[in-house]
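In: take this sequence and fold it.
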Amino acid sequence: MNAFTYKRTSSVDDALVSIKTQDAKFLGGGTNLVDLMKNGVEHPAALIDVTRIPLRNIEEHGGGVRIGGMVKNSAVANHPLIREKYPVLSEALLAGASPQIRNMATVAGNLLQRTRCFYFYDPSYRECNKRVPGSGCAALKGYNRIHAILGGSEHCIATHPSDMAVALMALEAVVQVKGPAGERSIPLAEFYRLPGATPHIETTLKHDELITSVNLPAPIGQKSHYLKVRDRNSYAFALVSVASVIDVDAGNRIRKARIALGGVAPRPWRIVQAEQVLVGKEANDASYRLAADMIVQGAQAHRYNGFKIELARRSVVRALGESNA
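Out: Below is the predicted model:
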């Protein structure tokens, strides 16, 4: 691990002044950043500890809920407002990591965690465009079983690892940030970038901006489910995950639907047209398959991950069915 300076801040304004230091990074729970530093992937010259900033509230806001950026993942998962109004978010958080990590990890840090690509995490592999732009992507011809089938490029096929972000995508969350230029709101659908030719730029967040909260709009319905398919039942990242939220009328017709996938793309994956095709249809497997087919349309398999296409299709059908069970 490289040498670095450390500063603890107690206000958003102080943090924004401190981050101006060259090669500085904000430190929340550190469950991802510290690992990357130990592995020699990240080399910040300064860490700005923001965990003491009073951004730890979960409260009703504008018909929905506002979650402070420094709230711990375990607190979100177990909060009565979240469990009652947004159970899919609670399920997603409880499916991720371990209790010890959830007790440390923050909401803002969860959104910003880096990929778990083997080649990104191991600097002995020189080809990684996320670590060294222009060096290539070792995963394209390597062991790519966990990698993307959607949204990747010739420069990167890594997947986004967050369970929480998948649920937030389905809930149409908005990320509130503050920087030297003031505050701004970023819909989660616009927060993450696809790799294209610049996979090292993963979000639209600027270096000197701090995530202050995540705002959830009023829920579209109480029927929801988070499905996570993985190699083992705990402490493992998703091969495919699905967050589904649907609103069904008394005649079992779908009025609204939201579907987001994890484990298949460089960002949480949502296809609005697939949700729209469900509206007015009976809530059954035949309808769900129509949406599933649209979601995986254009999927590109690599040597070891072709199974993910059918797995994603079946997972969408299963998650929607569980939502309406």
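In: going by C-alpha atoms from here, please, whenever you check contacts or count neighbours.
Out: OK.
In: from Ala170, how far off is Gln249?
Out: One correction, residue 249 is Asp, not Gln. To Ala170, Asp249 is 20 Å away according to Cα to Cα, to the nearest Å.
In: comparing those two, which residue is more hemmed in?
Out: The neighbour comparison of Asp249 against Ala170 (other Cα atoms under 10 Å) goes to Ala170, with 25 against 12.
In: give the contact list for that one.
Out: Counting by Cα atoms under 8 Å, 6 or more residues apart in numbering, Ala170 makes contact with 243-245, 258-260, 270.
In: how near is it to Tyr288?
Out: From Ala170 to Tyr288 the distance is 16 Å (Cα to Cα).
In: just Gly29 next, same as before
Out: Taken as Cα to Cα, the span from Gly29 to Tyr288 is 38 Å.
In: doesn't Gln100 lie inside a helix?
Out: Yes. Counting by DSSP: H, G, I helix; E, B strand; the rest coil, Gln100 is part of a helix.
In: can you pull out the helices in the stretch 201-325 of the chain?
Out: Listed in chain order, the helices found in the stretch 201-325 of the chain under DSSP state H, counting those that start in this stretch are 272-276, 285-295, 307-323.
In: and the spatially most central residue of the chain, what does it touch?
Out: What sits nearest the mean C-alpha location of the chain, by Cα atoms, centre = their mean, is Ala165, with 2.8 Å. With contact set as Cα under 8 Å, 6+ apart, Ala165 has these partners: 110-111, 268.
In: and Ala138, by the same measure?
Out: 119, 125, 127-128.
In: Thr198 now?
Out: Thr198 touches 129-130, 133, 155, counting by Cα under 8 Å, 6+ apart.
In: what's the closest of the residues you listed to Asp13?
Out: Nearest to Asp13, judged by Cα to Cα, of those is Lys130 at 30.0 Å.
In: wait, what's in contact with the nearest residue to the closest one once chain neighbours are set aside?
Out: With sequence-adjacent residues excluded and distances taken as Cα to Cα, 6 or more residues apart in numbering, Lys130 is closest to His200, at 4.2 Å. Neighbour list for His200: 129-131, 133 [criterion: Cα under 8 Å, 6+ apart].
In: just the closest of the residues you listed to Ala3, please.
Out: The shortest gap between Ala3 and any of the contacts of His200 belongs to Arg131, at 18.9 Å (Cα to Cα).
In: helix, strand or coil for the closest one?
Out: Of the three states, Arg131 takes coil according to three-state DSSP.
In: just the pLDDT for it.
Out: You'll see Arg131 listed with a pLDDT of 96.
In: could you do Gly136 as well?
Out: pLDDT, Gly136: 98.
In: show me what contacts it?
Out: Counting by Cα under 8 Å, 6+ apart, Gly136 makes contact with 127-129, 155.
In: so what's the residue nearest to Ala97 when sequence neighbours are not counted up against?
Out: Once flanking residues are discounted, Ala97 sits nearest to Tyr235: 4.7 Å by Cα to Cα, 6+ apart. Tyr235 makes contacts with 96-98, as judged by Cα under 8 Å, 6+ apart.
In: give me the phi and psi for Tyr235.
Out: Here is the backbone geometry of Tyr235 (degrees, to the nearest 10): phi 50, psi 50.
In: how near is it to Gly96?
Out: Taking Cα to Cα, one finds Tyr235 at 7 Å from Gly96.
In: same question, Ala139
Out: Using Cα to Cα, Ala139 is found at 24 Å from Gly96.
In: domain parsing for the chain?
Out: Domain assignment for the chain, taken from automatic domain parsing, gives 1-51, 223-323.
In: what's the most buried one of those?
Out: domain 223-323 (a mean of 20; mean count of other Cα atoms under 10 Å).
In: which non-adjacent residue is nearest Gly28?
Out: Thr51 (5.4 Å).
In: show the contacting residues for the one you found.
Out: Thr51 touches 9, 27-29, 70, counting by Cα under 8 Å, 6+ apart.
In: mind putting the contacts of Gly136 into a markdown table with distance to Thr106?
Out: Formatted as a markdown table, the contacts of Gly136 follow (distance: Cα to Cα, whole Å):
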| residue | distance to Thr106 |
| --- | --- |
| Glu127 | 31 |
| Cys128 | 27 |
| Asn129 | 27 |
| His155 | 30 |
